[in-house]
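1. Quick one: sequence plus predicted model below, questions after.
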Amino acid sequence: MNYTELAPEYIRAIAPYQPGKPISEVARELGIPEADIIKLASNENPLGCGEAAKAAMRRALDEVHLYPDGAAFELKAALAKKWGVAMESIVIGNGSNDLLDYLAMAYLAPGVSAVYSQHCFAVYPITVLARGAAGIKVPARAYGNDLDAMAAAIRADTRMVFIANPNNPTGTFTPYAEIHAFLKRVPASVIVVLDEAYNDFLPPELRVDTVAWLREFPNLVLTRTFCKIYGLAGLRVGYMLGHPQVCDMVNRVRAPFNVNSIAQAAAVAALGDEDFVRRTYENNRAGMQQLVEGFRALGLDYIPSYGNFVTVDVGDGPRVFNALLKRGVIVRPIVGYELPRHVRVTIGLPHENARFLASLKEALAEVRA
Ligand SMILES: *Cc1c(COP(=O)(O)O)cnc(C)c1O
């Protein structure tokens, strides 16, 4: 029996997700201590997570023999208060990735389609193809979402559009006025998933209260995560805000206990830890400056980024990735995103950024030799 061929053709068409290499794996492969390796590959929070979240996790340990609250009441109540929405408009996910999958499960099927951009987050095509739906990939404009082309790509059978803002892996930002104009054009029968995994990293002058748009656009869904600015990537927790009927459909396909109790407790505590969020934001801003200046000094083109990472043109992404790896620095090659010349680097602590830049200079010299 061939177990590859047994799977539906649309599953076999999925390109596997390529995660960032874990530190432990690189340490084993290179035979060097884990402490000598820095990972700037997965947009993780270089400050770790906040003390309030850690304390909440410790308290939650005493109840791990109990199933978590499948309705995530406390976390939803905290989010409802923070954003001024009804609890019926919130669903909690095992990472926001989980919610993207549930949205696809609820609304996509063979015979319908979904629209996303070239260079988009890899999860969009995976989750669309996994439902047997057609994925419509729209060429990017200046590495980002081309909303005019995406609106034009919507067909009669289109049920969903994915827009990450800022986008990963390119870090591009689509002005909110353009997104608002796009939402006005899109038929109400098309669900627009606005993925805001990185919106906490936007400078204050660019921010817009997209939660207020939910009243204007019943087909709008916002997804957000605790994995980035809150530093809880290992726990997997995120949320979506949307129309109660959309949330109801998502809840019907949701695994009953999709978010574990430690993650729920940590997320509630993290939400209230504004100091940690501010420190993360400040570190990111300073680190972005440090990296960009380093790229300029090395004569490298980079894509101006609004996230907690930068994507830079190094000529040959995979070779520079390997040359950096040998030096104990893990970044992300993004060939799979149709960016073979670039690598994506997550902003770290000042000494990590400095080490990355010094290693990059050596790696470029090695690859160009
Ligand atoms: C990191 C990221 C997410 C968040 O994923 P989680 O499942 O919450 O870890 C969502 N969208 C984009 C574009 C991301 O880069």
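-> That came through fine.

2. When you work out contacts or count neighbours from here on, use the C-alpha atoms and nothing else.
-> Noted.

3. Can you give me the pLDDT of Glu74?
-> The confidence metric pLDDT takes the value 98 at Glu74.

4. Domain-wise, how is the protein divided?
-> Recorded structural domains for the chain (assignment: automatic domain parsing) are 3-48+275-368, 51-273.

5. and these as CSV, adding mean neighbour count?
-> Formatted as CSV, the domains of the chain follow (neighbours: other CA atoms under 10 Å):
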stretch, mean neighbour count
domain 3-48+275-368, 18
domain 51-273, 19
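
6. Tell me which helix or strand Lys137 sits in.
-> strand 134-138 (DSSP states H and E).

7. ok, which stretches of the stretch 1-150 of the chain are helices?
-> 9-12, 23-30, 51-60, 73-83, 96-107, 123-130, 147-153 (DSSP state H, counting those that start in this stretch).

8. to the chain's geometric centre, what's the distance from the fourth one?
-> Going back to what we said before, that points to helix 73-83. Averaging C-alpha positions (CA atoms, centre = their mean, to the nearest Å) puts helix 73-83 22 Å from its chain's average.

9. do stretch 78-94 as well
-> Distance of stretch 78-94 from its chain centroid, counting by CA atoms, centre = their mean, is 19 Å.

10. and what of stretch 170-184?
-> Using CA atoms, centre = their mean, the offset of stretch 170-184 from its chain centre is 17 Å.

11. contacting residues for the residue nearest to Tyr337 when sequence neighbours are not counted?
-> Spatial nearest neighbour of Tyr337, excluding adjacent residues (CA to CA, 6 or more residues apart in numbering): His119 at 5.1 Å. Neighbour list for His119: 140, 143-144, 168-170, 337-339 [criterion: CA atoms under 8 Å, 6 or more residues apart in numbering].

12. Format those as TSV; extra columns: pLDDT and distance to the ligand.
-> Output for these, formatted as TSV (pLDDT from 0 to 100; distance: CA to the nearest ligand atom, whole Å):
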residue	pLDDT	distance to the ligand
Ala140	98	15
Tyr143	98	14
Gly144	97	12
Asn168	98	5
Pro169	98	7
Thr170	98	10
Tyr337	97	13
Glu338	97	16
Leu339	98	16
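
13. Dump these into TSV; add distance to Phe321 as well.
-> Shown next, in TSV, are those (distance: CA to CA, whole Å):
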residue	distance to Phe321
Ala140	24
Tyr143	21
Gly144	23
Asn168	18
Pro169	15
Thr170	17
Tyr337	15
Glu338	16
Leu339	13
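
14. Just give me the closest of the residues you listed to Met105.
-> Asn168 (22.7 Å; CA to CA).

15. of all the residues in the stretch 151-300 of the chain, which ones are close to the ligand?
-> Contacts of the stretch 151-300 of the chain with the ligand, taken as CA under 6 Å from any ligand atom, map to 164, 167-168, 195, 197, 225, 227, 233, 236-238.

16. what about Leu360, which helix or strand?
-> If you go by DSSP H and E, Leu360 is part of helix 350-368.
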